[in-house]
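Engineer: The following comprises the amino acid sequence and a computationally predicted model.
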Amino acid sequence: MKRIFTFVITIAAVICLTACTVPAGGGSGCRKNGLGDAFSADVSITMDRLEAAGALKRFGEGVWEIEFSEPNTLSGVKLEFSEGNVLASYKGLSFSVPQSAVPVKAMMLGLIKAVEDNAKLDELKGEEKDGNLVVSGSLENGGYKLIVDKDGCLSGFDMPNHKLTMRFTGIKTAEITAEPMTVQTSAENTTTVASDVTAVTTVSQQ
């Protein structure tokens, strides 16, 4: 009787361990959900003809930050997102996000919305591809594909209809804390920074 009980327990354990295991070539799969963790990562972005790179941080639910390092005209520009608000700054100088920078702002809002919605789930379900899990969904402005790695952490974000591709590397999930930002404003510098962002984002709209 003891052997039968042990056998049943063993079989149950195997089923639990393999329930989310699918060959890397494809098929449905699931992952533990790591999207709710605070993290930092390097990000590369392609959006139509705009190519950019920078550092991304998620501090908590709805609180994000991205600081661009490329291209040169965006280098040093930081966008901070919190409770639906967006703060743009450059070397401590704040400026209003210009209308022409809406694509850059919109891509981040789309990413944040997709991640935060899925972070609420007990586990992530999607299609296996190359060792990652692709979670499909939709936003008001189109469909998306959220890519997570074997640990359920963010690996990529695509919005095909907008020619948007984002890839995340060097993920660090250690707890990070948002520091209050003291921002100085200058009309001259604000105009210069806003013009630089305008020049870059206008290219993506052509």
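Structural biologist: Yep, it's here.
Engineer: List the residues that contact Ala53.
Structural biologist: Contact analysis of Ala53 by CB atoms under 8 Å, 6 or more residues apart in numbering lists Asp42, Val43, Ser44, Ile45, Phe68, Ser69, Glu70. For glycine as for every other residue, the C-beta is placed from the backbone atoms N, C-alpha and C.
Engineer: Now, those residues that are in strands?
Structural biologist: Among the contacts of Ala53, the members falling in strands (DSSP state E) are Asp42, Val43, Ser44, Ile45, Phe68, Ser69, Glu70.
Engineer: Among these, name the buried ones.
Structural biologist: Val43, Ile45, Phe68 (16 or more other CB atoms under 10 Å).
Engineer: related to what we said a few turns ago, any chance of the contacts of Ala53 in a markdown table, with pLDDT and distance to Met108 too?
Structural biologist: Listed next are the contacts of Ala53 as a markdown table, based on pLDDT from 0 to 100; distance: CB to CB, whole Å:
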| residue | pLDDT | distance to Met108 |
| --- | --- | --- |
| Asp42 | 97 | 15 |
| Val43 | 97 | 10 |
| Ser44 | 96 | 14 |
| Ile45 | 95 | 10 |
| Phe68 | 92 | 11 |
| Ser69 | 93 | 15 |
| Glu70 | 89 | 16 |
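Engineer: What residues are bridge-paired with Ala55?
Structural biologist: Asp42, Glu67 (DSSP bridges).
Engineer: That one and Ser82, how far apart?
Structural biologist: 17 Å (CB to CB, to the nearest Å).
Engineer: Ramachandran coordinates for Gly76?
Structural biologist: phi 90, psi -10 (degrees, to the nearest 10).
Engineer: Please name the bridge partners of the nearest residue to Glu127 once chain neighbours are set aside.
Structural biologist: Excluding the flanking residues, the one nearest Glu127 by CB to CB, 6 or more residues apart in numbering is Val134, at 4.9 Å. As for beta bridges, Val134 partners with Glu127, Ile147 under DSSP bridges.
Engineer: can you pull out the helices in the protein?
Structural biologist: Remark: helices assigned in the chain by DSSP state H are 2-18, 102-119, 187-205.
Engineer: Compare the ones you listed and say which comes out lowest on pLDDT.
Structural biologist: Mean pLDDT is lowest for helix 187-205 among these, at a mean of 41.
Engineer: All set, thanks.
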